[in-house]
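**Student:** From the sequence below, what's the structure:
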Amino acid sequence: MTTLFQSTFVLIKPNAIQRELVGEIISRFENKGLRIDAIKMLHMSRDLAERHYGEHRDKPFYNDLIEFITSGPVIAMVLSGPDAIDTARYVVGDTDPLKAHPGTIRGQYAITTAKNIVHASDCVESARKEIARFFAPEEVLNYSMHCRASI
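**Tutor:** This is a model prediction of the structure:
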């Protein structure tokens, strides 16, 4: 089986920032071996939130989701590494915090599914779209980490 070097998108949500969990969350990804290729803090506009969560438009929780994600700053990141999409989702844990394994971000810090601390792309196509939605190509750096043997 070949290991695929990939990029993925991760969004740290407003409640994680309010609870001062940003450093802990970023450390989890770095400690797992993922490289940060882009990172920025922003206040998501309603338009951007609606584009990002458009697939949920017809679901009953949609309006609450948009209100929550625009309620405060978020941190958008592009992470890269071997099998980055699956690796990031493993670190994040199940969408439902009650089903998330202990030690995952959601398993340790999330309280409800609606406010589950962090979003991570679920597949290659989603990662491409989400990265392009939040970052211009020149904002995403591709560099070598010569001092690290694990990547």
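**Student:** Could you use CA atoms for every contact and neighbour count after this?
**Tutor:** Fine.
**Student:** How is K40 classified with respect to secondary structure?
**Tutor:** Here K40 is recorded as strand under DSSP: H, G, I helix; E, B strand; the rest coil.
**Student:** Now do the same contact list for it.
**Tutor:** 75-77 (CA atoms under 8 Å, 6 or more residues apart in numbering).
**Student:** Could you do N63 as well?
**Tutor:** Applying CA under 8 Å, 6+ apart, no residues contact N63.
**Student:** Is it located within a helix, as I assumed?
**Tutor:** Yes - when classified by three-state DSSP, N63 is found to be part of a helix.
**Student:** pLDDT score assigned to it?
**Tutor:** pLDDT recorded at N63 is 94.
**Student:** Could you work out the end-to-end span of stretch 59-79 for me?
**Tutor:** 29 Å (CA to CA, to the nearest Å).
**Student:** what about the helices in this protein?
**Tutor:** For the chain, the helices defined by DSSP state H occupy 14-18, 22-32, 46-52, 62-69, 84-92, 105-109, 124-134.
**Student:** Now render these as JSON lines, adding distance to K99.
**Tutor:** What follows is these, written out as JSON lines (distance: least, CA to CA, whole Å):
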{"stretch": "helix 14-18", "distance to K99": "19"}
{"stretch": "helix 22-32", "distance to K99": "19"}
{"stretch": "helix 46-52", "distance to K99": "24"}
{"stretch": "helix 62-69", "distance to K99": "20"}
{"stretch": "helix 84-92", "distance to K99": "12"}
{"stretch": "helix 105-109", "distance to K99": "8"}
{"stretch": "helix 124-134", "distance to K99": "23"}
